[in-house]
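J.: Pasting a predicted model and its sequence here:
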Amino acid sequence: MPQLTCSSCGSRTPSPPGEEGRRPRCRHCGAVLRDEGRSARLWAQTNNRRILLPLLLGGGVFLLCAVVGVVLIVVLGRKGGGPAARATPVTAADLDKIGIYMTPDEVEAILGPGEEADPAEMQENWAAAGKQVGVTRWQVWRNGSDRLFVGYGQGSSGTHRAVVSFFMHDIQNSLGTGFEIKHGFIHMGFPGGDLDEAAREKQKDRELLRSPRWAKGPAIRKALVGQWVAVYVGSYRFNDDGTCRAESPGEKASGTYRFLDDERVELKLKEDPLFEGHQTATKQRKYKVLVDGEELILVDEAFREPRPTVYKRQR
């Protein structure tokens, strides 16, 4: 049994078992005895609480910061913050979002970061077409086994510019595997032409088509009536009764036109017969109309960024 020493008379008294909650007294002089072991245990318990409390608080703060960080990453990832934030896999529709003569940075700003591509992994006809238009660099964006390719040539400044694009979609069915290709654009300039100059001309075309000078709404219908000529290209005649005539080298046709809305027109033209009894087909064409008092552009929206032909009004 543990012995307690009295600090008053120096005698030793046994420590009663099961009485840690009571303070024992000396059996000789009656003084209250001090249990050194108990004091040490109380000191240790107190200091353990002092150490554990900051650790627990610190751990809680760390956990809270980690949760907030994860939430911010998820939110920013959903909102997008630049090319690296794009998480949606590319599709064939993305071909319409990029334009010919764009730089790699401009393309990646739309599609996100691409990978350097090896021509050996693409359909060989398109690899050959890339060589013909001067491709010196290929990039690819992947969606599983589907791939979107962009080929770049170099202008006189050394700047890489997009000159060809296409999307390869893999097909798997009971007959086997294969693929289909949707084309985007391909550079059709003169061999040896400067891509930097081509990019400047394309930008002028875009600015012309977006110019605020063109008539708006119902005013387009009235402005379209008249004779329009583009030298070496052909002419159009639009009458106020809805009839029209078109002439170009090797083709002459007459027909009707009608507005589909305040900016789009539909033409139905039948070619003139080459001889009596010659049967010719009626062709239907749809255009977006850009017109003012002096010039006319008919934009065929079936083509991506066509080079606009400007017709001049004939008085």
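T.: Yep, that arrived.
J.: Count residues in the vicinity of the nearest residue to Gly234 once chain neighbours are set aside, would you?
T.: Here the nearest residue to Gly234 in space, its sequence neighbours aside, is Ser248; by Cβ to Cβ, 6 or more residues apart in numbering that works out to 3.2 Å. Just so you know, the C-beta spots here come from the backbone N, C-alpha and C atoms, and that holds for glycine as well. A count of neighbours around Ser248, defined by other Cβ atoms under 10 Å, yields 13.
J.: Could you measure from Ser248 over to Arg200?
T.: 28 Å (Cβ to Cβ, to the nearest Å).
J.: Likewise for Phe179?
T.: Phe179 is 36 Å from Arg200, where distance means Cβ to Cβ.
J.: With Gly134 instead?
T.: Gly134 is 18 Å from Arg200, where distance means Cβ to Cβ.
J.: If you count surrounding residues, which of these two has more?
T.: For Gly134 versus Arg200, neighbours defined as other Cβ under 10 Å are more numerous around Gly134 (19 against 12).
J.: Distance of that one relative to Arg161?
T.: According to Cβ to Cβ, Gly134 stands 10 Å off from Arg161.
J.: Buried residues, stretch 126-142. List them.
T.: Trp126, Ala127, Ala129, Gly130, Val133, Gly134, Val135, Trp138, Gln139, Val140, Trp141 (16 or more other Cβ atoms under 10 Å).
J.: Lowest-scoring secondary structure element of the protein by mean pLDDT?
T.: None of the helices or strands of the chain scores lower by mean pLDDT, DSSP states H and E than helix 36-79, at a mean of 48.
J.: need the helices for the stretch 101-250 of the chain, in chain order.
T.: With DSSP state H, counting those that start in this stretch, the ranges of helices along the stretch 101-250 of the chain come out as 104-111, 124-132, 195-209, 219-224.
J.: Buried residues, the shortest one. List them.
T.: Yep, that's helix 219-224 we're talking about. For helix 219-224, the neighbour count (16+ other Cβ under 10 Å) marks Ile220, Arg221, Ala223, Leu224 as buried.
J.: coming back round to it: out of the helices of the stretch 101-250 of the chain, which comes closest to Val233?
T.: With respect to Val233, and counting by Cβ to Cβ, the nearest of the helices of the stretch 101-250 of the chain is helix 195-209 at 15.6 Å.
J.: I'd like to know which elements the closest one is packed against.
T.: If contacts are counted by 3 or more Cβ pairs under 8 Å, 6 or more residues apart in numbering; DSSP states H and E, helix 195-209 sits against strand 160-173, strand 295-299.
J.: Only the buried residues of the helix or strand hosting Tyr311, if you could.
T.: Element membership for Tyr311, per DSSP states H and E: strand 310-314. For strand 310-314, the neighbour count (16+ other Cβ under 10 Å) marks Tyr311 as buried.
J.: Need the residues that contact it.
T.: With contacts defined as Cβ atoms under 8 Å, 6 or more residues apart in numbering, strand 310-314 is touched by 226-230, 233, 235-236, 293-298.
J.: again, only using 7 Å
T.: Outside strand 310-314, the residues that touch it by Cβ atoms under 7 Å, 6 or more residues apart in numbering are Gly226, Gln227, Trp228, Val229, Ala230, Tyr236, Glu294, Glu295, Leu296, Ile297.
J.: what's the spacing between it and its chain's center?
T.: Centroid separation for strand 310-314 versus its chain: 39 Å, with Cα atoms, centre = their mean, to the nearest Å.
J.: Using PDB, list the CA coordinates for stretch 281-301.
T.: Taking C-alpha atoms only, stretch 281-301 is exported to PDB below (Å, rounded to 0.1, in the frame of the first residue of the first chain):
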ATOM      1  CA  ALA A 281     -33.900  22.300-114.300                       C
ATOM      2  CA  THR A 282     -35.000  25.000-111.800                       C
ATOM      3  CA  LYS A 283     -32.400  25.800-109.200                       C
ATOM      4  CA  GLN A 284     -33.200  27.100-105.700                       C
ATOM      5  CA  ARG A 285     -30.800  29.300-103.900                       C
ATOM      6  CA  LYS A 286     -30.900  31.000-100.500                       C
ATOM      7  CA  TYR A 287     -28.800  34.100 -99.600                       C
ATOM      8  CA  LYS A 288     -28.300  36.600 -96.800                       C
ATOM      9  CA  VAL A 289     -28.700  40.000 -98.400                       C
ATOM     10  CA  LEU A 290     -26.300  42.900 -97.600                       C
ATOM     11  CA  VAL A 291     -27.300  45.900 -99.600                       C
ATOM     12  CA  ASP A 292     -27.100  49.700 -99.600                       C
ATOM     13  CA  GLY A 293     -27.600  52.400-102.200                       C
ATOM     14  CA  GLU A 294     -24.500  51.400-104.200                       C
ATOM     15  CA  GLU A 295     -23.400  47.800-103.500                       C
ATOM     16  CA  LEU A 296     -24.900  44.400-103.000                       C
ATOM     17  CA  ILE A 297     -23.500  41.200-101.500                       C
ATOM     18  CA  LEU A 298     -25.400  37.900-101.600                       C
ATOM     19  CA  VAL A 299     -23.900  35.600 -98.900                       C
ATOM     20  CA  ASP A 300     -24.500  31.900 -99.400                       C
ATOM     21  CA  GLU A 301     -24.700  30.700 -95.900                       C
END
